[in-house]
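[1] Model the structure of this input:
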Amino acid sequence: MSTRAQAVIGALYGDEGKGLMVDRLAAATPRAVVVRSNGGAQAGHTVVDPAGRRHVFHHIGSGSFAGAATHFSRFFVAHPMLLLGELADLSQLGARPEISSDPRAPITTPFDVIINQALELARGTARHGSCGLGFGETIERNLHPDFALSTKDLFRPDLHARLVSIRDAWVPIRLAALGITALPAELAAALADDTTIARFEADCAAYLDCVTLWPDRRLCERGAVIFEAAQGLGLDQDCGAFPHVTRSNTGLANMLAIAAEAGITELEATYATRCYTTRHGAGPLKGETPTLPGVNVVDPTNAPNEWQGCLRLAPLDLGLLREAITRDLTVDRNGTTVRAGLAVTCLDQAEDGFAVTDCEELIRLDPAKAASEIAGLVGLPLWAESWGPSRGDVRPCVDAAAA
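    Okay, here's the model as predicted:
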C-alpha cells in the first residue's frame, strides 16, 4: 500500500488543463484512483484520449479513459441528479469507472439549485459567476445540522421526511436571509411540485447503486492516489477576490487533510496553467482584453452560457501566478512532504512573440522555450508542457525526470 500520492491543481481561475494532466498521470500509474478533493458537478475538465474520445468530466475523475477509479472525498459535493447522465455518456464512450465515496460527502438537492439560480438571477448585472448548479448553497445548508444531507444520509429511513423539511423549513429561512421575497415562476413551480422530491429520491436510489461507500482514511487501499482539484487557486474561498470565489479550498489544503487521514506521507503536486489566462464567470481579471495578440484561443468546452457568460482572456501574469502558488505551498502540511512542479498547457495556440507579463513588464516569448522560461520565472521545476488536447501531446521535461 503506497503512502505516496500525486496531485493536479489549477494555478489561477480554472480551465488550465487539469483534466489533461490527470489523464496523463493516470495512464502512467497502474491501479490509479482519482480523488476529487473539492468542488462538485460545476467542474468541467476536458479529456481527449489518443483514440479521439472526448468528454468533459464533471463528477467522474479525469483518469477514467485511462482506466482509473474515482473517489469522492469528504470535501466533494455530489449531485445525484447529474451523475447518472454523465455515467450514461461515459458508457457510450466505453468507459465504466468504479466509484467510491466517503460517507461524509455532501449531497446537492434540487432545492439548493433553486435557491442558487434564484439568487444569481436576482443579482442582475452584479452576478458572482455561479454555474447555477447549487454547489455553494449545498455547502451553506450543510452548515446547519438540522438540514444537512451527506452521502450516508441517503440510506436513512427518514430520507423523505428530511427532504420535506429542507423544502418546507430550510428554503424559506434561506430565501429570507438572502432577501428574496419571490421566486421566478419556473423555479416556484418546481419548488411547489411534490414530484420534485419523488424524482430526486429516485435519483438518489440510482446513485447508491453506482457508488460504494469508502472512507477517506482507507483511500490507499483502493489504489495509487491522484488528487484532482477543481477550479483554481484564484477562486479559493480563503484567497480569491470575494465574492467572486467558490465555496471550497482549491489547492493543497483539502488534499493534505485527506492525506493525514489516509496515511499519505509524500505528495507530488503539479500546478497547471495555460500560457495565457482565462476566466469563465464574473470577477477581477488583471489585464483583461477582448483578444490576445499572438494567441489563437481554441476552447470548445467553455461555450457562452446564461450563468457565466463568455470566456474572458488576459495575458498570463507571472506575478499573480507566482503569488498564488507560493501562498498555497505555505499551508500546514500535517506531516506530509510536498514537492511541486509546473505544467504549462495550450502552447500549440501560441505564436512566436506572444506575451506574458511580470510586475507590469511585458515579456515576449518563443513558444518553443516558453514553458521552461515561465517555470523559471515562477520558481518551480517544469514537469510538463502540452502542445495539444491529448496526453500524447504532452512533452516530457528534463526537470520532471529529477522530480
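[2] Poorly predicted segments of the stretch 51-200 of the chain, please.
    124-130 (pLDDT under 70).
[3] I'd like to know how many residues surround residue 266.
    Counted by other Cβ atoms under 10 Å, the residues lying close to residue 266 total 14. C-betas here are computed from N, CA, C, even on glycine.
[4] Does it touch residue 3 like I think?
    Yes - using Cβ atoms under 8 Å, residue 266 is in contact with residue 3, at 6.6 Å.
[5] quick one: the helices in the stretch 301-403 of the chain?
    For the stretch 301-403 of the chain, the helices defined by DSSP state H, counting those that start in this stretch occupy 318-328, 367-378, 398-401.
[6] Would you format these as CSV with mean pLDDT and distance to residue 216 included?
    Formatted as CSV, the helices of the stretch 301-403 of the chain follow (pLDDT from 0 to 100; distance: least, Cβ to Cβ, whole Å):
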stretch, mean pLDDT, distance to residue 216
helix 318-328, 97, 21
helix 367-378, 97, 31
helix 398-401, 54, 28
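[7] For the ones you listed, please prepare a markdown table with the additional fields mean neighbour count and distance to residue 358.
    Shown next, in a markdown table, are the helices of the stretch 301-403 of the chain (neighbours: other Cβ atoms under 10 Å; distance: least, Cβ to Cβ, whole Å):
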| stretch | mean neighbour count | distance to residue 358 |
| --- | --- | --- |
| helix 318-328 | 19 | 4 |
| helix 367-378 | 18 | 6 |
| helix 398-401 | 13 | 20 |
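[8] Report the separation between residue 276 and residue 311.
    Residue 276 sits 11 Å away from residue 311, going by Cβ to Cβ, to the nearest Å.
[9] Mind checking which of the two has more residues around it?
    Using other Cβ under 10 Å, the more surrounded residue of residue 276 and residue 311 is residue 276, with 23 against 16.
[10] That one: what's it in contact with?
    292, 295, 297, 313, 314, 315, 316, 346, 349, 350, 354, 356 (Cβ atoms under 8 Å, 6 or more residues apart in numbering).
[11] Quick one: buried ones out of these?
    Buried members of the contacts of residue 276, scored by 16 or more other Cβ atoms under 10 Å, are 292, 295, 313, 314, 315, 316, 346, 349, 350, 354, 356.
[12] Just the ones of those residues in strands?
    Residues of the buried ones among the contacts of residue 276 located in strands (DSSP state E): 313, 314, 315, 354, 356.
[13] Which of those sits closest to residue 202?
    residue 313 (42.0 Å; Cβ to Cβ).
[14] With adjacent residues omitted, what lies nearest to that closest one?
    Using Cβ to Cβ, 6 or more residues apart in numbering and skipping residues adjacent in sequence, the residue nearest residue 313 is residue 292, 5.2 Å away.
[15] cool, residue 43 as well?
    What sits nearest to residue 43 in space, not counting adjacent residues and going by Cβ to Cβ, 6+ apart, is residue 230, at 3.9 Å.
[16] so is that neighbour in a helix, a strand, or just coil?
    Look at residue 230: counting by DSSP: H, G, I helix; E, B strand; the rest coil, its state is coil.
[17] Can you list the residue ranges for strands in the stretch 51-200 of the chain?
    54-57, 69-72, 99-101 (DSSP state E, counting those that start in this stretch).
[18] mind putting the ones you listed in a markdown table, distance to residue 223 and mean neighbour count included?
    A markdown table is the format used below for the strands of the stretch 51-200 of the chain (distance: least, Cβ to Cβ, whole Å; neighbours: other Cβ atoms under 10 Å):
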| stretch | distance to residue 223 | mean neighbour count |
| --- | --- | --- |
| strand 54-57 | 18 | 20 |
| strand 69-72 | 6 | 26 |
| strand 99-101 | 10 | 23 |
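[19] could these go into TSV alongside distance to residue 242?
    Shown next, in TSV, are these (distance: least, Cβ to Cβ, whole Å):
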stretch	distance to residue 242
strand 54-57	28
strand 69-72	27
strand 99-101	29
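[20] so which of the ones you listed gets nearest residue 271?
    strand 54-57 (19.2 Å).
[21] which residues sit against the closest one?
    For strand 54-57, the surrounding residues in contact (Cβ under 8 Å, 6+ apart) are 19, 43-48, 64-65, 86, 89-90, 93, 95, 301.
[22] What of stretch 133-142?
    Defining contact as Cβ under 8 Å, 6+ apart, one finds that stretch 133-142 is touched by 39-42, 77, 79, 82, 106-110, 112-116, 119, 130, 147-150, 166, 170, 174, 246-248.
[23] how about 7 Å then?
    40-42, 77, 79, 106, 108, 112-113, 115-116, 130, 147-148, 170, 247 (Cβ atoms under 7 Å, 6 or more residues apart in numbering).
[24] now swap in stretch 35-44 and tell me
    56, 58-59, 61, 71-73, 75-79, 82, 108, 131, 133, 135, 219, 225-231, 246, 248-250, 254-255, 258, 301.
[25] could you pull out the helices for the chain?
    Here the chain has its helices, by DSSP state H, at 18-27, 80-92, 110-122, 135-141, 159-165, 171-178, 185-192, 195-210, 252-262, 318-328, 367-378, 398-401.
[26] Packed most tightly, which of those would that be?
    Among the helices of the chain, helix 18-27 has the highest mean neighbour count (mean count of other Cβ atoms under 10 Å), at a mean of 27.
[27] now for it, which elements pack on it?
    When contacts are defined as 3 or more Cβ pairs under 7 Å, 6 or more residues apart in numbering; DSSP states H and E, helix 18-27 sits against strand 4-10, strand 32-36, strand 45-48, strand 224-228, strand 266-274.
[28] nearest to residue 374, of those strands?
    Closest to residue 374 of the helices and strands packed on helix 18-27 is strand 266-274 (Cβ to Cβ; 7.6 Å).
[29] May I see the buried residues of that closest one?
    Across strand 266-274, burial judged by 16+ other Cβ under 10 Å covers 267, 268, 269, 270, 271, 272, 273, 274.
[30] which of those residues lies closest to residue 360?
    For these, the minimum distance to residue 360 (Cβ to Cβ) is 19.0 Å, reached by residue 273.
[31] How about that closest one: what's its closest non-neighbour residue?
    Sequence neighbours aside, residue 11 is the residue nearest to residue 273 in space, at 4.3 Å (criterion: Cβ to Cβ, 6+ apart).
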